[in-house]
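*Asks:* next comes the sequence, and after it the predicted model I'd like to discuss.
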Amino acid sequence: MRTHLAFGKAIVAALTLAMATLALGTGSRAQDAAVAISVKNHHFQPAEVHATANRRLAITVKNLDTTAMEFESVSLRVEKVIAAGSEGVVNIRPLAPGRYEFFDDFHQETRGVLVVQ
């Protein structure tokens, strides 16, 4: 009987911990930001996007071209290949205010900037 009681308490404790973790995770995700960029005819649209400082950021990049592209940024320390006609998400750590340039590594003339304020 004691084994069943101890097991029941362990399950209740585990469920309580799981619910608390989910609640905390949901709260922090609500503070994240998201922006969307598309690439068409080897141009970012929009070529300049804005984000709030000190918040994680998810950049959705939709490749509308017929060739693959590589979203890359030295200052953001990211690179992601996105196939033709598809999209990808680039997750960015919280950033200090500033300008962060990005480009398509496969088509160097394709450039944009993230302005963080």
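*Replies:* Perfect, thanks for sending it.
*Asks:* now the helices for this protein?
*Replies:* Here the chain has its helices, by DSSP state H, at 2-30.
*Asks:* go through it and flag its longest strand.
*Replies:* strand 107-116 (DSSP state E).
*Asks:* quick one: distance of that strand to the chain centre.
*Replies:* Its chain's C-alpha centre and that of strand 107-116 lie 17 Å apart, by CA atoms, centre = their mean, to the nearest Å.
*Asks:* equivalent analysis for stretch 108-117, please.
*Replies:* With CA atoms, centre = their mean, you get 16 Å for stretch 108-117.
*Asks:* show residues contacting that stretch.
*Replies:* For stretch 108-117, contacts defined as CB atoms under 8 Å, 6 or more residues apart in numbering pick out 35, 37, 39, 42-44, 46-53, 57, 59, 69, 73, 76, 92, 95-104. C-betas here are computed from N, CA, C, even on glycine.
*Asks:* low-confidence regions, the protein specifically.
*Replies:* Applying pLDDT under 70 to the chain flags residues 1-31.
*Asks:* domain assignment for it?
*Replies:* 1-30, 33-116 (automatic domain parsing).
*Asks:* of these, which stretch is the most buried?
*Replies:* Stretch with highest mean neighbour count among the domains of the chain: domain 33-116 (a mean of 15; mean count of other CB atoms under 10 Å).
*Asks:* kindly check the end-to-end length of it for me.
*Replies:* In domain 33-116, first residue to last residue: 12 Å (CA to CA, to the nearest Å).
*Asks:* over to stretch 88-103?
*Replies:* With CA to CA, one end of stretch 88-103 sits 15 Å from the other.
*Asks:* any idea how far that stretch is from the middle of the chain?
*Replies:* Distance, stretch centre to chain centre, for stretch 88-103: 9 Å (CA atoms, centre = their mean).
*Asks:* residue contacts, Ser86?
*Replies:* 62-63 are the contacts of Ser86 under CB under 8 Å, 6+ apart.
*Asks:* hmm, try it at 10 Å
*Replies:* 61-64, 68 (CB atoms under 10 Å, 6 or more residues apart in numbering).
*Asks:* those residues: which two are farthest apart?
*Replies:* Spatial extent of the contacts of Ser86 (CB to CB) is set by the pair Lys62 and Ala68 at 13.2 Å.
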